[in-house]
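Student: Requesting a structural model of the entry that follows:
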Amino acid sequence: MTVSASKYAIKPNDLYETEPWATHAVCRALRQLGLAQNGRTVWEPAAGNHKMVEPLLEAGAKTVITSDICEYSQRHTATFDFLKNGVATFVPTHFDIVSNPPYGPSNRLAVKFAEQALTRCNGYVALLLTAKFDFGSTRKHLFRDNPRFAAKVALLDRISWEDNGKTGTEDHAWYIWGPREDSVSCPKLMYERNLAKL
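Tutor: Reported below is the predicted structural model:
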C-alpha cells in the first residue's frame, strides 16, 4: 500500500484523537492475549479530550487515570508531561498504560514515549503507532530485543483523525508489551478492524 503525504496541518501538541472503534479493537486484542482490563487501573498519559476513556471503561477497566501535557477538557486527573516529569504521584503502584502518544518528527517522540512507558509501567503497555513503527533498526530494544513485546495489532481500517469520517493517509497498529515480569518467546501478529464497517 502506498503512503502519501498528509494534507493536514500539524496540530499543536500532536492532538490527534483516537476514534472509539480503534480503542475497542485494542481491548479485544488484549482479551485474546489474556490481558483483559477487568478490575484493572489504566493510565492514559496522552488523554487529550478523553476519547479513549469510555471504551476502556466499557471493556472492564476499574479506573482510567488521565493526564496530558496541557489541559484540554478540564477533566484530567493531572496535567503531566509524560516525557519530562518525574514520579507520577497520582497513579497507584500497579497500573497499565493504553495511549495514542505524540509521534513527533520521524517518530522520535513516540520512541521516547514507548521507552518511558516501559520504564514507568509494571503492567502491560499498549500504544497506537504507525504500522511501520517496528521497522526501524534503532528500535530493536523495543521489539526484537525486548522480552516484554507481546503483539502487534494491525488495523485494517484507517482512522479518521478529524472526527468527520475522512481517513488519514497512514496505516496504524497497536503495539502491546506485557507486564514487567512477563517474558514472551514469540510475539503475535494480530488484525483488527472497525466492526461498524462490517
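Student: Lowest average confidence across helices and strands of the chain, where is it?
Tutor: strand 78-79 (a mean of 92; mean pLDDT, DSSP states H and E).
Student: now what about it, what contacts it?
Tutor: 67-71, 88, 90 (Cβ atoms under 8 Å, 6 or more residues apart in numbering). In this view, the C-beta of every residue, glycine as well, is placed from N, C-alpha and C.
Student: Try it again at 7 Å.
Tutor: Here strand 78-79 makes contact (Cβ atoms under 7 Å, 6 or more residues apart in numbering) with 67-68, 70-71, 90.
Student: Quick check: of those, which has the highest neighbour count?
Tutor: residue 68 (25 neighbours; other Cβ atoms under 10 Å).
Student: Tell me how far that one lies from residue 178.
Tutor: Residue 68 sits at a distance of 25 Å from residue 178 (criterion: Cβ to Cβ, to the nearest Å).
Student: for the protein, what are the low-confidence residue spans?
Tutor: Low-confidence segments of the chain, defined by pLDDT under 70: 1-15, 73.
Student: And residue 61, how far from residue 107?
Tutor: For residue 61 relative to residue 107 (Cβ to Cβ), the value is 27 Å.
Student: Grab the most central residue of the protein for me.
Tutor: The centroid of the chain falls nearest to residue 127 when counting by Cα atoms, centre = their mean (2.4 Å).
Student: Excluding chain neighbours, what is closest to that one?
Tutor: residue 175 (5.3 Å; Cβ to Cβ, 6 or more residues apart in numbering).
Student: surely that neighbour meets residue 124?
Tutor: No: the criterion here is Cβ atoms under 7 Å, and residue 175 misses it with residue 124 at 11.0 Å.
Student: rewinding a little: restricted to strands, list the contacts of strand 78-79.
Tutor: Among the contacts of strand 78-79, the subset assigned to strands under DSSP state E consists of 67-68.
Student: Kind regards, and thank you for your time.
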